[in-house]
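In: here you go, sequence then predicted model.
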Amino acid sequence: MHRHTVHSLNATRVAVWILYTTGCIVVATSTPAAPATTMQYTDAGTDSCSPNPCHALSECVVLEGQAYCEQCQSGYEGDGLLDGNGCSDVDECKRVAQGLMPEICDPLASCVNTEGSYTCGACPTDYHGTGRTGCIRIPSIDVDDDVLVILADASRDIEFKFEGNVATHVVSVQSVESSLSSLTSTIRATEDELGSELPKLASVTNALSTSQGALSSAVENLAGSSGTGGASDAFVSEVVGNETSRAQSVEMSLETKLSQAQSSIVVREEQHQTLAQSVDGLQTELESILTALNTTELVGNMTEIVLDIVKEVEMDAAVLRNTTTELQVQVNAADTRLDNFESSVETKMNQLANRISSLETTTDSLTDQIRAIISCSQDGLVFDGNSCVATCRQFGDCSRVSSCSNTGIVRYKSGALEECVEGQFLPLSPHATIGLSEVRPATDCQQLQDLGFETGFYFIGKPGLAVIHYCNMTASGALDLGGHGLSQLAAASSCAFLADFYQAESGTYWLTIGGETPAELYCDMTTKVFVPDGSSQVLAAYSCKSIAASYPTKVAGTKWIKAGDNTPFKVTCDTEGFIVVTPSSPQADNAWIISNSFGNSFYKCRCAANDWIKNPQADWYNSITADGLADNVCQQYYTWVYTSGGSSLTATQVNLIANLAKESSNRNFEVYAVSCDDDDVAAPAGNWIGVESSPSTNDFAIHDCTSGDGGNSPSSSTEDTGGGNGCCNKRLADNFQTYPFPLKICGSSNTGGGAGLIFSTNELKVREA
């Protein structure tokens, strides 16, 4: 029998298959889902887009002084970096075939990958649409093997299978119609045959009339001739009699033939009428049966089907409403983050404007001081900040300038500086003015100490780019405490220095920490210490949350943290200050399963926990088995691998992160021990999972739940033994050191089915309270 196959289209169409046979109706629905995407950025490791560090298919942007490569254009994947993975074509068709993404072409059309995109082939014959928009079958009606198949639309078939004498009637009607058609053809052939005989009859009749006329003339001629005798009369009478008999014989033969033909026509017309009445009766009976079917069982069944479809649609609508609500929550959260970002930018702009204003004020003040210093030096005095005095901070004390009584007194005379040396003024050494102006800055504080300068403020750097630094000359080696911290060149050595020498308030300043390149860090002037931003090992923060509190726009990405330890390590931080950790196992991202045997696997119970598994590998439920040992001990082992910050975490690092996530409110996940078909047997019998109590001890704490009987062993690994019967799941207890991050685990399956350990998600997030 020919059946019409039903395919789901790439929309929220509900596909319905209705089979009307012996009262059995099966309805199946499917609603495809669509993914969503968000923009991703990759740290380019530089602060500029020139030269461009990004691939041609990735855009370079600078955010907060740091260059990033945007995610590759649609149809491509990679980190976007020239010196990284770059951007490579995504083979969408291959991913669909591997089950890694939903259908992109109609199942009836081919999928062809192209550079950065894909194309869909044409729909088959008898289908409308395209391979991309969906192939919709042209409506039709078929009758085959006593089954009437009506294609109502592109997603629903209705079948009627006739029982009892209905099918026989259908065959009878077809047979009678065939006989009727044959009889009609025979009648028409007979009529045609008779029609061809009638002209012949007319011709004979005409010939007979002609012969009779000729005979009459001959008789008259003979009668009028002289010399005729009895012999002539006898001859004429014989001839006339012979011709008359022959004519009468021909006429009777024709009349008999015509009568037989007319009788045949009457008989066949009666047969035709009888057959037509039989056809009408059978058609009426068939229509009555179809009407009965349509008005009783079919109507009832269709009503039930419609109600089922309505329920399915309502469920889909509920799911859609929930999805819409979740999306709205995400949109609101994104709006909030955007508002916070805009507020942060506005705050920073205001801070920058205030700093520029403060710098301008400081510049004006310094300009006035320089003018005062020059003015005082012309009189041989120095400027102490208020007035000209006879005291020089760099060259010692002097009481008078007019007389050279004390060595070290400096005066400005005739356009040149002079120094009092042993009672007389001599031209000042060229080195004496190093560090005193931006024009002749010192290379560093050590150079000034070597030249005999005392503790104070000096210009340090290159000519034209020098800034004022504070040099402490009291130690054996000069100490550069830095500048005002408002620029990278004037980076300060500490927040305490800024507070003590510049009376700076809490805020973000440039600091040089541990000899590294200056970084812009937040100074808390109540404690006079800076808050680490996690950008390097030296600047390792306590956690992602502490980074987010002071650097909300810089927290996302790979950061260095300590989490209570003295050895920094790298983790991935999200925009909300959570540490993001990714688990993995050979079977799936977030699950490890042990089955009793290949033919008696965890899959047979169809547990709801199966739906939690992310990115399952092929044959995930049979790749690890107990081989039917039933020895009530650990039978298979696995050590979880956790990744964050681009690297696998050590056991120590996992333990540090776990200490932040002991309370469920501090994480986004739970971990469950799951079981299938343990026959209500408690551990160590039955099926269970063990978790190592502390690293490297091989001491396992058992986590067990009673799942009940999942049915007998199936004949194949895909046989359903009860649609979820014999299943259980239980949240792991806090009875191992690294809770809620199990490290080494083991599994035991002793009664059939299997057991496993499953995370509720494959992206684990942790943040301290």
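Out: Perfect, I can see it now.

In: what's the span of stretch 461-472, first residue to last?
Out: 16 Å (C-alpha to C-alpha, to the nearest Å).

In: same check on stretch 656-671?
Out: First-to-last distance for stretch 656-671 - C-alpha to C-alpha - comes to 18 Å.

In: now it: mean pLDDT?
Out: Throughout stretch 656-671, pLDDT has a mean value of 94.

In: residue 74: neighbouring residues, count only.
Out: By the criterion of other C-beta atoms under 10 Å, residue 74 has 10 neighbours. Backbone N, C-alpha and C define where each C-beta goes, glycine included.

In: pLDDT at residue 465, what is it?
Out: 86.

In: kindly report the same for residue 595.
Out: 94.

In: which residues are contacting the host helix or strand of residue 522?
Out: In this assignment (DSSP states H and E), residue 522 forms part of strand 519-524. Defining contact as C-beta atoms under 8 Å, 6 or more residues apart in numbering, one finds that strand 519-524 is touched by 65, 485, 495, 498-499, 504, 506-511, 513, 529-533, 535-536, 539, 550-551.

In: which of those are buried, as a PyMOL select command?
Out: Remark: buried members of the contacts of strand 519-524, expressed as a PyMOL selection using 16 or more other C-beta atoms under 10 Å:
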select buried, resi 485+495+498+499+504+508+509+510+511+513+530+531+532+533+535+536+539+550+551
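
In: so which elements touch the longest helix anywhere in the chain?
Out: Assignment by DSSP state H gives helix 297-377 as the longest helix of the chain. If you count contacts as 3 or more C-beta pairs under 8 Å, 6 or more residues apart in numbering; DSSP states H and E, helix 297-377 packs onto strand 16-20, strand 382-383, strand 388-389, strand 410-413, strand 507-511.

In: least reliable of these by average pLDDT, please.
Out: strand 16-20 (a mean of 28).

In: helix or strand right after that strand?
Out: strand 41-43.

In: strand partners of that following strand, parallel vs antiparallel please.
Out: Within its sheet, and counting by DSSP bridges, strand 41-43 is paired with strand 66-70 (antiparallel).

In: name the residues of the strand it pairs with that come out as buried.
Out: Result for strand 66-70 [16+ other C-beta under 10 Å]: buried residues 66, 67, 68, 69, 70.

In: one more: stretch 681-694?
Out: Counting neighbours by 16+ other C-beta under 10 Å, stretch 681-694 gives 681, 683, 686, 687, 688, 689, 690, 691, 692 as buried.

In: quickly list what the nearest residue to the last one once chain neighbours are set aside is bridged to.
Out: Looking back up the chat, that one is residue 692. For residue 692, ignoring the flanking residues on the chain, the nearest one in space by C-beta to C-beta, 6 or more residues apart in numbering is residue 744 at 4.1 Å. Beta-bridge pairing for residue 744 (DSSP bridges): residue 639.

In: over to the one 5 residues further on?
Out: Each beta-bridge partner of residue 749 is listed here, defined by DSSP bridges: residue 687.

In: wouldn't it be in contact with residue 601 here?
Out: No - Residue 749 is beyond contact range of residue 601, at 9.4 Å (criterion: C-beta atoms under 8 Å).

In: those two: who's more crowded?
Out: Each of residue 749 and residue 601 has its neighbours counted (other C-beta under 10 Å); residue 749 has more, 33 against 29.

In: so what pLDDT did the closest residue in space to residue 530 that isn't next to it in sequence get?
Out: Among residues not flanking residue 530 along the chain, residue 521 sits closest, at 4.4 Å (C-beta to C-beta, 6+ apart). In this prediction, residue 521 carries a pLDDT score of 95.

In: which strand or helix spans residue 739?
Out: Applying DSSP H and E, one finds residue 739 in no helix or strand.

In: would you mind measuring from it to residue 634?
Out: 19 Å (C-beta to C-beta, to the nearest Å).

In: next: residue 90.
Out: Taken as C-beta to C-beta, the span from residue 90 to residue 634 is 42 Å.

In: could you do residue 532 as well?
Out: 43 Å.

In: now swap in residue 109 and tell me
Out: As judged by C-beta to C-beta, residue 109 and residue 634 stand 51 Å apart.

In: these two: which has the busier surroundings?
Out: residue 109 (21 against 18).

In: pLDDT wise, what is the more buried one at?
Out: 90.
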